[in-house]
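S.K.: what follows is a predicted protein model with its sequence.
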Amino acid sequence: MARVTVEDCVVRVPNRFDLVMLGARRARDIHSGAPLAVDRDNDKNPVVALREIAEGKVDLQQVNNALIQGLQKHVEMDEPEEEATFGAIEGEFAGIAAQAASVEAREEAALETEGEAEIEMDADEDGPDVFEMGDVEPTGEEE
């Protein structure tokens, strides 16, 4: 095969757009150092890639997968299973909840302590502000 034509390649890849994309990908692979499936014969990489496709010497499915991976912007990563993720999240929330509960308990204890101190101060004071049960608070008007 001295000259590669589109008709030679269309037998293997019927869609011309797919042929161009696969040929370009294979040419990039060759440029990157992939082993050749046919003799170079002083041809450039795109011509060698098309000759490989025309002769059926290259796995088109593999080239297609490499093409798709090269064009993807979001690469899927293996993530831990959902149960492990939920367990970790529940553990984090449990820690946060325990921390919040301890802070809340300390604040309540501080408020109770302040309230008890005020009551003790009021009981210790002697003066017109302290009333016993049954006493009526003066209104300012004398009868």
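M.R.: Okay, I see it.

S.K.: so which helix or strand takes in the closest residue to D29 other than its chain neighbours?
M.R.: Distance criterion C-beta to C-beta, 6 or more residues apart in numbering; nearest residue to D29, sequence neighbours excluded, is A66 at 7.0 Å. In short, each C-beta sits where N, CA and C put it, glycine included. According to DSSP states H and E, A66 maps onto helix 60-71.

S.K.: circling back to that earlier point, distance of the residue nearest to D29 from P35?
M.R.: Counting by C-beta to C-beta, to the nearest Å, the gap between A66 and P35 amounts to 14 Å.

S.K.: pull out the buried residues from whatever helix or strand E7 lives in.
M.R.: Take DSSP H and E as the rule and E7 turns out to sit in helix 6-10. Along helix 6-10, these residues count as buried under the neighbour rule (16 or more other C-beta atoms under 10 Å): C9.

S.K.: now do that helix: which elements does it pack against?
M.R.: helix 16-31, helix 45-55 (3 or more C-beta pairs under 8 Å, 6 or more residues apart in numbering; DSSP states H and E).

S.K.: follow-up on the earlier one: what about A66 and P35, which has more around it?
M.R.: Applying other C-beta atoms under 10 Å to A66 and P35 shows that A66 carries more neighbours, namely 16 against 6.

S.K.: you'd agree the more buried one is up against R25?
M.R.: Yes - A66 is within contact range of R25, at 6.1 Å (criterion: C-beta atoms under 8 Å).

S.K.: domain assignment for the chain?
M.R.: With domains defined by automatic domain parsing, the chain comprises 6-71, 80-123.

S.K.: pLDDT on the last one, on average?
M.R.: Right, domain 80-123. On average, the pLDDT along domain 80-123 is 69.

S.K.: repeat that for the longest one.
M.R.: Here domain 6-71 scores 91 as its mean pLDDT.
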